[in-house]
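Student: Quick one: sequence plus predicted model below, questions after.
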Amino acid sequence: MPVPHPLSAVMRSVKVFARARLPSRHGEFEIVAFVDEAGRTLDDVAVVRGELRGALEVPTRVHSECLTGDVFGSFRCDCRDQLELALSRIAAADTGIILYLRQEGRGIGIAQKVRAYQLQQIGLDTVEANLHLGFDDDLRDYSVAAAMLHALGVASIVLHTNNLRKIEGLRAGGVRVDHREAIIAPSREQNAGYLATKRDKSGHLL
C-alpha cells in the first residue's frame, strides 16, 4: 500500500546553527547549517547569497539530494543540470537561496533508489518502480524547508521549480511564495523517458 504524500502538514521550527563562506565555481555564497527545536543538527543545508532578512521575492530553489546525478553526473535524471542552473541564477542575483534537502530518491533513500533503477531497466517507469516497491511516487516533505526559510528571515520567495507540490508544501508551512519560475534543463536521450514521466504522471510543468 503506497504511503500518503505528507507535504508540510506539520509546522516545524529550526534556527541557524552555523554559517560560513562558500566560494565556488559558480560564485561566492554562504553555507548555512541548522539545528531543530530539540537541539539536533540537521543534515539539510542552505546555500545563500545576499542580505535575506526581510527580503521580498528572493529567488529560491528547493533541491532534493540526488547522489547519482549531483555527485556522479548521471544522465538518468536532470537533477545536476537543475542544481547548476539554480546556482548560476542565484550567483547573478543580489539575493538567493538553495535549500539542499537530504531526501534521496524522492524520499525513499539511496538503496531503494538503486532498486528502483533496477526495475526501470526491465521496463517500469519511475512512478511504477516506486509503487512496485511499496512507496508513493513522491515521499518528500517540505516542512523542514519551510522552517529553514523562516529561520533565514525572508519575507517572500520566488520558487524556481517545475513541481507544484513544492509550492503547496511551502505554503502549508507558512512561506509566502509570490510566484514560480520554471527551471528546465535540456533533455538527453538517456533521461527523455524520465522527464516524460515527471510531466505526465507527477504533474511537473515541463
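Tutor: Noted; the coordinates are in hand.
Student: Just list whatever residues bridge to L99.
Tutor: Per DSSP bridges, the residues bridged to L99 are A46, V62.
Student: Pull up the gap between it and A116, please.
Tutor: Going from L99 to A116 by C-beta to C-beta, to the nearest Å gives 24 Å. Yep, even glycine has a C-beta here, placed from its N, CA and C like the rest.
Student: Same check on C79?
Tutor: For C79, the distance to A116 equals 14 Å [C-beta to C-beta].
Student: Compare the two (neighbour count), which wins?
Tutor: Set C79 next to A116 and count neighbours by other C-beta atoms under 10 Å: A116 wins out with 24 against 19.
Student: Strands along this structure, start to end?
Tutor: Listed in chain order, the strands of the chain (DSSP state E) span 14-24, 27-36, 41-49, 58-64, 96-101, 157-160, 177-181.
Student: who touches the longest helix belonging to the chain?
Tutor: Counting by DSSP state H, the longest helix found in the chain is helix 79-91. Identification of contacts with helix 79-91 by C-beta atoms under 8 Å, 6 or more residues apart in numbering yields 24, 26-29, 47, 49, 59, 61, 63-64, 66, 69-70, 73-74, 96-98, 160, 183, 185-186.
Student: so what pLDDT did the spatially most central residue of the chain get?
Tutor: Among the residues of the chain, the one closest to the centroid is H63, at 2.2 Å (C-alpha atoms, centre = their mean). The model reports H63 with a pLDDT of 95.
Student: residues touching it, list them.
Tutor: Applying C-beta under 8 Å, 6+ apart to H63 gives the contacts 79, 82-83, 86, 98-101.
Student: if we go to 6 Å?
Tutor: Counting by C-beta atoms under 6 Å, 6 or more residues apart in numbering, H63 makes contact with 83, 98, 100.
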